[in-house]
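Asks: Compute the structure for the input listed below.
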Amino acid sequence: MSTTLTENKEVKTTNNPYAALQDITEVRPYDAEKDKALFNDLRKVLEAHGAKDRFGVTLLHDHFEVNDGEQMIETHDPITRELTIKPYRTGSMKHELQATNWKFDGGEVVALQFCVPTGQGHIGTIQD
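Replies: Residues are numbered from 1 along each chain as shown. Below is the predicted model:
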């Protein structure tokens with residue numbers, strides 16, 4: 001288990017938190033009928049903590065292998081209105097990362113996806 005500095009806080013990440021994710025073709029998709037009770041309970045918990053407009057739900061999946069030492073980071077182009085999420089080697093990255101997506105791993109909360117915050121939003125591009 002390692003840690004990543006995000007927003008001046010440490011978020012625990014495993015050596016490769018993506019390794020256990022199922023491929024998008026294997027994971028059971030959202031089913032409005034079967035998942036109705038689950039989503040209702042999740043909504044109630046978020047409302048009880050005043051976090052309904054702060055957190056949501058995502059389908060945990062992968063499309064390709066993310067290597068050890070890489071983390072998925074989102075960047076954007078405001079002109080073309082494109083959001084890109086791709087793996088970056090973050091060991092020597094000089095940017096401070098902000099976690100934006102997590103999963104539960106046993107009793108731990110593990111960060112899966114990040115962005116690079118700036119005073120005006122988050123960074124558009126990262127130089128490799």
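Asks: any chance you could map the helices in this protein?
Replies: Listed in chain order, the helices of the chain (DSSP state H) span residues 36-48.
Asks: my guess is residue 69 meets residue 92, correct?
Replies: No - under the criterion of Cβ atoms under 8 Å, residue 69 is not in contact with residue 92, lying 9.9 Å apart. Any C-beta I mention is one placed from the backbone N, CA and C, and that applies to glycine too.
Asks: Can you check the pLDDT for the residue sitting furthest away from the middle of the chain?
Replies: With distances taken from the mean C-alpha point of the chain and given as Cα atoms, centre = their mean, the most distant residue is residue 33, at 26.0 Å. Here, the pLDDT recorded for residue 33 equals 97.
Asks: What separation do you get for it and residue 39?
Replies: For residue 33, the distance to residue 39 (Cβ to Cβ, to the nearest Å) stands at 11 Å.
Asks: shared neighbours, those two?
Replies: A shared contact of residue 33 and residue 39, defined by Cβ atoms under 8 Å, 6 or more residues apart in numbering, is any residue touching both; here there are none.
Asks: No further questions, thank you.
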